[in-house]
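Undergrad: would you be able to build a 3D model of this:
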Amino acid sequence: MAHALEQCWPENAPLDGLVVTRYHHTPPRPAGLRQRIEICEAAHPVPDQAGVDAAERMLALARAAEADDLVICLISGGGSSLLTLPAEGLTLQDKQRINQDLLACGAPIGEMNTVRKHLSRIKGGRLAAACHPASVCTLTISDVPGDDPAVIASGPTVADDSTCEQALAILDRYGIAIPASVRQALKDAALETPKSSSSVFASHQVKMLATPMQSLQAAAEAARAAGLNAYVLSDEIEGESREIAKMHAALARATAHGHGPFQAPCVILSGGETTVTLRPPVAGFPKGKGGRAGEFCLGLAAALQAQPRVWALAADTDGIDGVEDNAGAIVTPDTLARCAQQGIKPADHADRNDSYRLFEALNDLVVTGPTHTNVNDFRALLVL
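TA: Next up is the predicted model:
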């Protein structure tokens, strides 16, 4: 996004700024393009000190903006972790633990970001407030169900109508501990975010550049060009990965048997943001590896029951499934048979949230490397 802005911006017009992205996710600079926007890297999905340092610098840049300046904010998924600035009373270690607890408990992204906004000095519209009275234009790529800009990266430049009370209720619902002083600040609404009625958003524009639905529609067009029927279920599917897998398996099996609304040969597509609730470690085994795409594929393979003529791919569009080096995995009609040949028990891997090692053993991991974009989950089921 930063490179594209530099390419589009007039050479004789002033332009400077700072972008933070994930470690090893900075794309090669186009030949001959002069760098005017600094790019730094930090940790995702659990924040680190580099993210805090970048957030401090961005907040300082925003506060330096004057009334006749234009602040362009390039926002995409991952910003909730990459742009970390703990609220008063919280340390980076507190934020890391809370973030890990949110990831592990299976909370949907909207709830996670409600908490993140209220425990931050930069999210939930606070970056836009720091830019005031300058004009702000947010250019964003959606990685969330519903494409709500207030949810993408926890909405640092967008008004937030969630409340401290809601954030505290979410923390309590999942049993996530916070310091007593921060709990009291939430109770007193001392950590409230800027609301849509605030004047700081009066000269603010938001432009959506890319969405999950666009990726699914592009895949559908490619499938049709190959002579297949293509059906897009939704770009807003949420829920436990293994449960969503059962639903997809039921649709694929019905289609393979000539039942239901879809006609083979076809591709069934879906997106959204599923979740994985981590299970307790199993004694005698290493900690499980894998993200929500792998967890989906593991659940799908079990639920398909070796259904002939059905193949599947699930991947994260940024090229990273969770924190591993793969984008996702594939499922084939003989996935379970190949597991049996190698003495692999899929149910045991499911109990350990260990999808990565299963598909690694089958040589069915999908490894793309960083794609330099992020429009959330991508799933495709091929039924012939």
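
Undergrad: what is the burial count for the closest residue to P133 other than its chain neighbours?
TA: The shortest distance from P133 to any non-neighbouring residue, by Cβ to Cβ, 6 or more residues apart in numbering, is to A67 (4.4 Å). Heads up, the C-betas are built off the backbone N, CA and C, glycines and all. Using other Cβ atoms under 10 Å, A67 has 9 other residues around it.

Undergrad: against which helices or strands is the longest strand belonging to the chain packed?
TA: Across the chain, the longest stretch assigned as strand under DSSP state E is strand 266-275. With contacts defined as 3 or more Cβ pairs under 8 Å, 6 or more residues apart in numbering; DSSP states H and E, the packing partners of strand 266-275 are helix 212-225, strand 229-232, strand 237-240, helix 241-256, helix 292-304, strand 377-383.

Undergrad: which strands or helices does the longest one pack on?
TA: It stands for helix 241-256. strand 266-275, helix 292-304, strand 310-316, strand 377-383.

Undergrad: let's have the ones you listed in TSV, adding distance to F201, mean pLDDT and mean neighbour count.
TA: Shown next, in TSV, are the helices and strands packed on helix 241-256 (distance: least, Cβ to Cβ, whole Å; pLDDT from 0 to 100; neighbours: other Cβ atoms under 10 Å):
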stretch	distance to F201	mean pLDDT	mean neighbour count
strand 266-275	26	96	23
helix 292-304	33	98	27
strand 310-316	31	98	25
strand 377-383	30	97	24
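
Undergrad: nearest to K207, out of these?
TA: Judged by Cβ to Cβ, the one of the helices and strands packed on helix 241-256 that comes nearest to K207 is strand 266-275, at 20.9 Å.

Undergrad: just the CA atoms of that closest one, as PDB, please.
TA: Taking Å, rounded to 0.1, in the frame of the first residue of the first chain, the C-alpha atoms of strand 266-275 are listed here in PDB:
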ATOM      1  CA  CYS A 266     -18.400 -27.000  -9.200                       C
ATOM      2  CA  VAL A 267     -16.300 -25.000  -6.700                       C
ATOM      3  CA  ILE A 268     -17.900 -23.900  -3.400                       C
ATOM      4  CA  LEU A 269     -16.200 -20.800  -2.000                       C
ATOM      5  CA  SER A 270     -16.300 -19.100   1.400                       C
ATOM      6  CA  GLY A 271     -14.500 -16.600   3.500                       C
ATOM      7  CA  GLY A 272     -14.800 -14.900   6.900                       C
ATOM      8  CA  GLU A 273     -12.800 -15.300  10.100                       C
ATOM      9  CA  THR A 274     -13.200 -18.600  12.000                       C
ATOM     10  CA  THR A 275     -11.700 -19.100  15.400                       C
END
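
Undergrad: how distant is it from the center of its chain?
TA: 14 Å (Cα atoms, centre = their mean, to the nearest Å).

Undergrad: partner strands of it and their direction?
TA: The strands beside strand 266-275 in its sheet (DSSP bridges) come out as strand 229-232 (parallel), strand 237-240 (parallel), strand 377-383 (antiparallel).

Undergrad: excluding residues flanking it in the chain, which one is nearest A87?
TA: Leaving out its chain neighbours, the residue that sits closest to A87 by Cβ to Cβ, 6+ apart is L119, at 4.9 Å.

Undergrad: ok, now how distant is S234 from Q205?
TA: 28 Å (Cβ to Cβ, to the nearest Å).

Undergrad: more neighbours: these two, which one.
TA: Ranked by neighbour count (other Cβ under 10 Å), S234 and Q205 place S234 first, with 14 against 11.

Undergrad: helix or strand: which one has the more buried one?
TA: Assigned by DSSP states H and E, S234 belongs to no helix or strand.

Undergrad: list the buried residues in stretch 244-257.
TA: Residues 244-245, 247-249, 251-253, 255-256 are the ones in stretch 244-257 that count as buried (16 or more other Cβ atoms under 10 Å).

Undergrad: ok, stretch 183-191 next?
TA: Neighbour counts over stretch 183-191 (16+ other Cβ under 10 Å) mark 185-186, 191 as buried.

Undergrad: contacts for it next, please.
TA: Here stretch 183-191 makes contact (Cβ atoms under 8 Å, 6 or more residues apart in numbering) with 87-89, 118-119, 163-165, 167-168, 178, 182.

Undergrad: of those, buried ones?
TA: Among the contacts of stretch 183-191, those buried by neighbour count (16+ other Cβ under 10 Å) are 87, 89, 118-119, 163-164, 167-168, 178, 182.

Undergrad: what's the most distant pair in those residues?
TA: Across the buried ones among the contacts of stretch 183-191, no pair lies farther apart than G89 and T163, at 18.2 Å, counting by Cβ to Cβ.

Undergrad: OK, contacts around the closest residue to V182 other than its chain neighbours?
TA: Nearest-residue entry for V182: G89, 4.6 Å, with adjacent residues in sequence omitted and distances by Cβ to Cβ, 6+ apart. By Cβ under 8 Å, 6+ apart, G89 lies in contact with 179, 181-182, 185.

Undergrad: switch those residues over to JSON lines; also include pLDDT and distance to A55.
TA: Below are these laid out as JSON lines (pLDDT from 0 to 100; distance: Cβ to Cβ, whole Å):
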{"residue": "P179", "pLDDT": "95", "distance to A55": "20"}
{"residue": "S181", "pLDDT": "95", "distance to A55": "21"}
{"residue": "V182", "pLDDT": "95", "distance to A55": "18"}
{"residue": "A185", "pLDDT": "96", "distance to A55": "19"}
